[in-house]
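S.K.: pasting the structure only:
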């Protein structure tokens, strides 16, 4: 297949290449590309991102036409329903690097995820194009879309046709009439049956057996006639209703046939489109998005796979023969309704759509190892402080960045440490968990019976928990109205964002969204940050982090939350207080761990 690769490396005539002069940036360059799904942008990528930000704010640029949902006076997202935020990315590259030297021309490429409304080709000037331009008027996709639109119009016309409405009306009217007449016939039959019963009782008293037998035969014949009449009525109405339903079904069958044809055409069109999404790597090898995702648990690409910023950037760089050295992606504008995206915050490449693609595209590049698969050097076994211990249980103060239970590649955890310290302990040990970045109280049972007793308290919510956090922002309160402004409740159901693990999202779907309720109390506001107590009623994964950061929650991420906010020295979330009933003495006990921030 012709990939259109231009390995000449000439950037002078490339309108998509923006040179970085040594006078503008004189810092060191990275020797390896950061792992794209978990990284801190390199200073040279931050420099390029800042230049792109300036362009986005330029009133004379193409982007002035796009409503990002930003107020002109602040950097906070507006509530305009028509506003659309975007993920933007920059890829710093080196040109003319045949000898893998660092002395080639330095510059960057820019791209954004998805497409733009009111843009003929979906990409404004100066930005990396889509992997396949499905907006080309001559493309099979455009023609296929027109065919689908024609089918949509046909379906809509049939569904809203006067003929269909009239036939549905007639069928409903006949159904009602049939029910009414059949019910009247049924009631008449019951009435006549009761009358015959009364007549039989009377005849038994006044007639001889021979006379009664003659009357009984007549009564039976009368009953049979009524039954035959009811049966004939049912047969007549069945034929009438079937005819009316058949008349209506002719239209319904045409609609269903059109819908099935539309579905098949759409699937065929989607497969053709996926086949056009051919991704390069640095070796020059190509692979379609269908082949890439066939090796994943999803088996098929999710919608929008390949339209994110990072694949566009690497694809263009490889086609031009540029060497990628640094990547940065940031969100600009209003956050999506259910996910958490903060204006101007950096984000890693998504996992669900981009990770399988980038695993192919980054072959041949010098890429750092996944830091999440490396053991943490910030904690060790000695950091696990014991707050309480007796014969059946113990309580520890988990440090930040220590796992509660062993991970897929990192074994060191509270669980593994307790196993080593207490080899005779039985059962699951940990009664609950904390996120790796969260510090504080963890309750551990030394035997199965104790574990069951304590776990039941978590299930029936008789255990009281309190977390302390620092939020990135000032949650304004009125000192004269403490009850109404210092305390509140967040009720946002959550589910796992399967296409962007480990992130969770707000989910109002009753089948997938799980109830999540948090009470909070503001303690102090100063220096641009808010100290707060959280009292979770439920214990969903990432509950406090999402409730803090989401626009429908407090709209302020926890300081140091590297998933929903921005990195800092640590994530400032600490499980500092727990009240429970002792599993043996059955007395209430309180446990506290000093807040370390």
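M.R.: Arrived safely, thanks for sending. Just so it is clear, the model here is predicted, and its values are computed rather than measured.
S.K.: what ranges do the helices span in the stretch 451-597 of the chain?
M.R.: For the stretch 451-597 of the chain, applying DSSP state H, counting those that start in this stretch gives helices covering 482-485, 543-549.
S.K.: quick one: which of those helices has the weakest pLDDT on average?
M.R.: Among those, helix 482-485 has the lowest mean pLDDT, at a mean of 59.
S.K.: Helix or strand with the lowest mean pLDDT in the chain?
M.R.: Every helix and strand in the chain was compared by mean pLDDT, DSSP states H and E; the lowest is helix 482-485, with a mean of 59.
S.K.: Before we move on, what's the pLDDT of residue 99?
M.R.: On the pLDDT scale, residue 99 gets 50.
S.K.: oh, I was asking about residue 49
M.R.: Value for residue 49, per-residue pLDDT: 98.
S.K.: and what of residue 374?
M.R.: 71.
S.K.: Hmm, residue 401 and it touching each other?
M.R.: No. Counting by C-beta atoms under 8 Å, residue 374 sits too far from residue 401 to count as a contact (11.7 Å). From N, CA and C alone the C-beta is placed, and that goes for glycine too.
S.K.: higher neighbour count, those two?
M.R.: Between residue 374 and residue 401, counting by other C-beta atoms under 10 Å, residue 401 is the more crowded of the two (16 against 11).
S.K.: For the spatially most central residue of the chain, give me its contacts.
M.R.: Nearest to the geometric centre of the chain sits residue 497, at 3.3 Å (C-alpha atoms, centre = their mean). Applying C-beta atoms under 8 Å, 6 or more residues apart in numbering, we find residue 497 in contact with 339, 352, 503, 504, 505.
S.K.: Could you measure from the fourth one over to residue 12?
M.R.: Residue 504 sits 47 Å away from residue 12 when distances are taken as C-beta to C-beta, to the nearest Å.
S.K.: Looking at these two, which one has more neighbours?
M.R.: With neighbours defined as other C-beta under 10 Å, residue 504 and residue 12 compare such that residue 504 has more, 24 against 8.
S.K.: Next, the contact list for that one, please.
M.R.: 494, 495, 496, 497, 540, 541, 542, 546.
S.K.: Just the buried ones out of those, please.
M.R.: Buried subset of the contacts of residue 504 (neighbour count, 16 or more other C-beta atoms under 10 Å): 494, 495, 496, 497, 540, 542, 546.
S.K.: Where strands are concerned, which of those residues count?
M.R.: Those of those mapping onto strands are 494, 495, 496, per DSSP state E.
S.K.: which one of those sits closest to residue 534?
M.R.: residue 494 (14.6 Å; C-beta to C-beta).
S.K.: Please report how far the closest one lies from residue 539.
M.R.: Distance from residue 494 to residue 539, by C-beta to C-beta: 11 Å.
S.K.: One more: residue 469?
M.R.: Taking C-beta to C-beta, one finds residue 469 at 16 Å from residue 539.
S.K.: Just want to know which of the two has more residues nearby.
M.R.: residue 469 (30 against 15).
S.K.: which residues touch that one?
M.R.: So residue 469 contacts 531, 532, 534, 544, 548, 558, 559, 572, 573, 574 (C-beta under 8 Å, 6+ apart).
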